[in-house]
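Chemist: Requesting a structural model of the entry that follows:
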Amino acid sequence: MELSIQIFARNYGHPGELRYEFSDGDTLIGVASVSADETTYYIHFLSVMPDDRGKGYGTRILEALCQKLDDKPITLELDKGSPFGLANLRNWYMRHGFIPTSGDWMIRQSKAAQ
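Modeler: Reported below is the predicted structural model:
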């Protein structure tokens with residue numbers, strides 16, 4: 001099972017926002033939206049298609065993003081409407097190196113900053 005990544009510029013949303021599409025063959029598995037400023041990347045959303053949840057794709061997508069975006073810290077705000085619940089979502093991100101900052105915000109430091 002090999003995930004491929006396609007990146008598209010978005011004409012709406014946050015300035016400079018890119019949409020990442022992750023596919024297994026011809027099947028769209030998940031999407032993520034990321035923007036950046038001079039110092040930080042921002043993950044606006046990361047989602048796996050409902051039929052593909054629970055198969056490890058979310059972890060693989062997040063790991064691919066973290067590897068690709070490792071020259072600056074990555075910040076995100078937890079989705080209060082997540083079907084997984086805020087506590088589960090927070091724990092999942094923490095297992096991938098994100099730490100809570102304030103409220104529902106989390107950050108993952110870049111390897112360059114460590």
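Chemist: make it CA atoms for all contacts and neighbour counts henceforth
Modeler: Fine.
Chemist: which residues of this protein fall in helices?
Modeler: With DSSP state H as the definition, the chain shows helices at residue ranges 57-68, 86-95.
Chemist: so where's the chain uncertain?
Modeler: Residue ranges of the chain with pLDDT under 70: 1-3, 5, 8-13, 113-114.
Chemist: want to try TSV for the helices of the chain, with distance to K80 and mean neighbour count as columns?
Modeler: Converted to TSV, the helices of the chain look like this (distance: least, Cα to Cα, whole Å; neighbours: other Cα atoms under 10 Å):
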stretch	distance to K80	mean neighbour count
helix 57-68	18	16
helix 86-95	6	15
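Chemist: and S102, which of the ones you listed is closest to it?
Modeler: helix 86-95 (12.2 Å; Cα to Cα).
Chemist: tell me the angle the closest one makes with helix 57-68.
Modeler: 40 degrees (axes from the mean of the first three to the mean of the last three Cα atoms, to 10 degrees).
Chemist: quick one: contacts of helix 86-95?
Modeler: By Cα atoms under 8 Å, 6 or more residues apart in numbering, the list of residues contacting helix 86-95 from outside reads L78, D79, K80, S82, I99, P100.
Chemist: got it, and stretch 29-45?
Modeler: Stretch 29-45 is touched from outside by 14-23, 46-49, 52, 57-58, 61, 69, 72-77, with contacts defined as Cα under 8 Å, 6+ apart.
Chemist: let's see it at 7 Å
Modeler: For stretch 29-45, the surrounding residues in contact (Cα atoms under 7 Å, 6 or more residues apart in numbering) are 14, 16-23, 46-49, 52, 72-76.
Chemist: This completes my enquiry, with thanks.
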